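Participant: Just need the structure, nothing else, for what follows:
(one chain, ligands or ions: 2)
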Amino acid sequence: MKINWYPGHMKKTQELLQEQLKLVDIVVEILDARVPSSSQNPQIEKLINQKKRLVLLNKADLADETITEKWLELFIEQGKNAMAINSIENRTASKVMQELQKLYKEKSEQLKKRGRIPRPVRVMVVGVPNAGKSTLINLLAGKKRAKTGDRPGVTKGKQWTRIQSTIELLDTPGILWPKFEDELTGIRLAQTSAIKDEILDVETLGYKLLEDLLKLYPDLIVRRYGEFENMDEPLKVMETIAQRRGCILKAGEADFLRTANIILDEFRNGKLGRISLEKPEENGGQDGTFTD
Ligand SMILES: Nc1nc2c(ncn2[C@@H]2O[C@H](COP(=O)(O)OP(=O)(O)OP(=O)(O)O)[C@@H](O)[C@H]2O)c(=O)[nH]1
Ligand SMILES: [Mg+2]
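Facilitator: Ligands and ions are numbered 1, 2, ... in the order given. Below is the predicted model:
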């Protein structure tokens, strides 16, 4: 599977981020709770440097709660401020604001100590495309300031939003990094809509998702698509799903492309249930993915 996704604007965005970073006090890093490892920009450590940082596991409503808890434990162990959130729920606003206020206080005290007059704290929101950056900013602002959408690449340029007299947020276009460590990262990002489907092969994306779900969440597959004779044969399961959903080509063969699209859609919009595709390594070391 050839991954060729690094468009010119990503490079520009990265330069813009580096530039803007000089102006901000806090970086809010939005990860997708379903794939915290793949959605974490490996370059961010270098970019953020000494800034205060808040890690938000967004779309927690779509992820497996027990696994999200484990991720939070890991981040907190690593000394990061971290929270699981759902940006389409109103309650989330006060939860995040509380955390930002805390970081704001620390920052304004630092400024005071240096004899500087406290000014509004500037917060930059970063994350892969479609992670929910603009949705969160709108929620915090209490109104729709930034355009959002269920596809990657909605936000094109930077946009400041003042959400209180004390806090200003900078929305940024989603960024990816120039090289994935492994192919699986690209696949996970595409399955969760951070990368456009067309850049990868949709049939393969759907098939690989089904293959993983049969191992990780067989009960959810049965609940959605019915019982299968051979749960350990993903190809046969996919063929049966095709039949059950009427995805049949003229020649009577299974339409794998349509079936792949159904599986991907139903995973993405939560119809399959709450699913996490990545969990932290049991040893608490490097982030990892399911390997069994
Ligand atoms: N279920 C669920 N959906 C969410 C959540 N947060 C955002 N979304 C949805 O995810 C999609 C992408 O949201 P955006 O806010 O546009 O994402 P973005 O990070 O700004 O994306 P770019 O501007 O393309 O980088 C939208 O359809 C949102 O409604 C969440 O916590 N839960
Ligand atoms: Mg956006």
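Participant: so how many other residues sit close to P173?
Facilitator: For P173, the neighbour count with other CB atoms under 10 Å is 22. Glycine gets a C-beta too; all of them are placed from N, C-alpha and C.
Participant: Touching, it and K11? I think so.
Facilitator: No. Using CB atoms under 8 Å as the test, P173 is too far from K11 to be in contact (11.7 Å).
Participant: Contacts only, for D171.
Facilitator: Contact partners of D171, counting by CB atoms under 8 Å, 6 or more residues apart in numbering, are V125, K133, S134, I137, A146, T155, K158, Q159, W160, T161.
Participant: export those to a markdown table and tack on pLDDT, distance to ligand 2 and secondary structure?
Facilitator: As requested, the contacts of D171 are exported to a markdown table (pLDDT from 0 to 100; distance: CB to the ion, whole Å; DSSP: H, G, I helix; E, B strand; the rest coil):
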| residue | pLDDT | distance to ligand 2 | secondary structure |
| --- | --- | --- | --- |
| V125 | 93 | 9 | strand |
| K133 | 94 | 5 | helix |
| S134 | 94 | 3 | helix |
| I137 | 94 | 8 | helix |
| A146 | 79 | 6 | coil |
| T155 | 82 | 3 | coil |
| K158 | 79 | 11 | coil |
| Q159 | 83 | 9 | strand |
| W160 | 88 | 14 | strand |
| T161 | 89 | 12 | strand |
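Participant: Out of those residues, which are close to ligand 1?
Facilitator: For ligand 1, the contacts drawn from the contacts of D171 by CB under 6 Å from any ligand atom are K133, S134, T155.
Participant: on that earlier part again, adding neighbour count and distance to I167, write the contacts of D171 out as a markdown table.
Facilitator: Listed next are the contacts of D171 as a markdown table, based on neighbours: other CB atoms under 10 Å; distance: CB to CB, whole Å:
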| residue | neighbour count | distance to I167 |
| --- | --- | --- |
| V125 | 26 | 12 |
| K133 | 30 | 16 |
| S134 | 25 | 16 |
| I137 | 25 | 11 |
| A146 | 18 | 15 |
| T155 | 22 | 19 |
| K158 | 15 | 16 |
| Q159 | 16 | 15 |
| W160 | 15 | 11 |
| T161 | 19 | 9 |
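Participant: Adding distance to N269, write those residues out as CSV.
Facilitator: As requested, those are exported to CSV (distance: CB to CB, whole Å):
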residue, distance to N269
V125, 23
K133, 19
S134, 19
I137, 22
A146, 22
T155, 21
K158, 29
Q159, 27
W160, 31
T161, 27
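Participant: and which of those residues is nearest A33?
Facilitator: K133 (14.3 Å; CB to CB).
Participant: Leaving out the residues flanking it, which one is nearest to the closest one?
Facilitator: Setting aside the residues directly before and after it, K133 is nearest to V125 in space (CB to CB, 6 or more residues apart in numbering), at 4.7 Å.
Participant: got a list of what that neighbour touches?
Facilitator: Counting by CB under 8 Å, 6+ apart, V125 touches V28, I30, K133, L136, I137, L169, L170, D171, T172.
Participant: Likewise for N90?
Facilitator: L139.
Participant: Next one: it relative to ligand 1, how far apart?
Facilitator: From N90 across to ligand 1, the span is 12 Å (CB to the nearest ligand atom, to the nearest Å).
Participant: L57 is in what secondary structure piece?
Facilitator: Using DSSP states H and E, L57 maps to strand 52-58.
Participant: Touching the helix or strand following that strand from outside, list them.
Facilitator: As assigned by DSSP H and E, the chain's next helix or strand after strand 52-58 is helix 65-77. Helix 65-77 is contacted from outside by 33, 36, 55, 57, 60, 82-84, 274, 276, 279-280, 284, 287, using CB under 8 Å, 6+ apart.
Participant: what's the answer for stretch 212-225, then?
Facilitator: Residues contacting stretch 212-225 (CB under 8 Å, 6+ apart): 210, 228, 231-232, 234, 237, 240-241, 244, 266-267, 271-273, 275, 277, 290, 292.
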